[in-house]
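J.: With the sequence up front, the predicted model follows.
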Amino acid sequence: MIWLGIETSNVPLSIAVMNGDEVLAEEVMTTKVNHSVRAMSAVERVMAAAEVKPSDLDAIAVTEGPGSYTGVRIGVTIAKTLAWTLHVPLVGISSMRVMAANCWHHEGVVAVGFDARRDAVYSAAYFVENGVLNEVIEEQHRSFDEWLDALDALNVPILFVGPDRARYEERLRERLGDRFQWARGPFNTPRASLLIECAKERSISEDVHTFVPEYARMTEAEANLKKEENASCAKR
């Protein structure tokens, strides 16, 4: 079964093509360039390197968020368009689960956190055993202090993975002490091949017409609209 994986949820961009358990081609880029400029061309490049035509694809996997609103939207749009055009299944996977999958070889708790601004994080934690990720802290948008409290309550060693080490390391170490460890550099970049591996574990595909990104909180535009609606209601 030939899969195309599209990971655009944060600054790194990763595209992969796999046939069964074999990675035919994969590209990972970490430079800060708008995904709208390079995502589709990266898909074309990776498929060409894998010597796979669009008609050869059996399924498509995409990170559904949370993360960069623009990045998630671009990846989901490309994936939905291809899945609809090619009449193949589409599977959406949490970007936090994909990041945690970098540490599938670890035995114990793996925590993931993405900056969500205003001292908040998109965060989760998983217990990894024999390569299987089981959620122990729910994936959601929460304040950094709430995340710290949830992690501290686990009272076990925790391996952290994610792109925001410089932002969070000092506060995590101060609270968790020797229970804290951050994954090495390469493990903090999401890979589309691991996205595909996560998708293969899912038995249910998305409805292409109704599938939407999982932002974990309202976009700024939605929040502003809600404020306007509330203000309008208050005047009545």
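T.: Great, that's in hand. Computed from a predicted model, the values in this text were never measured in an experiment.
J.: Confirm that R202 sits in a strand.
T.: No - looking at R202 with DSSP: H, G, I helix; E, B strand; the rest coil, it is coil, so not inside a strand.
J.: burial measure for it, as a count.
T.: 13 (other CB atoms under 10 Å). All C-beta spots, glycine's among them, are computed from the backbone N, C-alpha and C.
J.: For the strand ranked longest in the chain, name the packing helices and strands.
T.: As assigned by DSSP state E, the longest strand anywhere in the chain is strand 132-143. Strand 132-143 sits against helix 95-100, strand 108-115, strand 120-129, helix 144-154, with contacts defined as 3 or more CB pairs under 8 Å, 6 or more residues apart in numbering; DSSP states H and E.
J.: out of these, deepest packed?
T.: The highest mean neighbour count among those, using mean count of other CB atoms under 10 Å, belongs to helix 95-100: a mean of 28.
J.: ranges for the helices of the protein?
T.: 35-49, 69-86, 95-100, 144-154, 165-176, 192-200, 220-235 (DSSP state H).
J.: centroid residue for this structure?
T.: Central residue of the chain (CA atoms, centre = their mean): S95, 1.2 Å from the mean position.
J.: follow-up on the earlier one: would you point to the one among the helices of the chain that's packed deepest?
T.: Using mean count of other CB under 10 Å, helix 95-100 ranks as the most buried of the helices of the chain, with a mean of 28.
J.: hmm, who's touching that helix?
T.: Helix 95-100 is contacted from outside by 7, 9-10, 63-67, 72, 110, 112, 114, 122-124, 126, 128, 133, 139, 161-162, 188, 190-191, 194-195, 198, using CB atoms under 8 Å, 6 or more residues apart in numbering.
J.: what residue ranges in this structure score low on pLDDT?
T.: Applying pLDDT under 70 to the chain flags the ranges 217-236.
J.: Let me see the domain layout of it.
T.: 2-96+190-226, 105-187 (automatic domain parsing).
J.: who touches R202 in this structure?
T.: 91, 93.
J.: can we see that at 10 Å?
T.: Applying CB atoms under 10 Å, 6 or more residues apart in numbering, one finds that R202 lies in contact with 61, 89, 91-93.
J.: if we can go back for a sec, got the helices and strands packed on strand 132-143 as JSON lines, with distance to D21 columns?
T.: Formatted as JSON lines, these follow (distance: least, CB to CB, whole Å):
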{"stretch": "helix 95-100", "distance to D21": "17"}
{"stretch": "strand 108-115", "distance to D21": "22"}
{"stretch": "strand 120-129", "distance to D21": "19"}
{"stretch": "helix 144-154", "distance to D21": "32"}
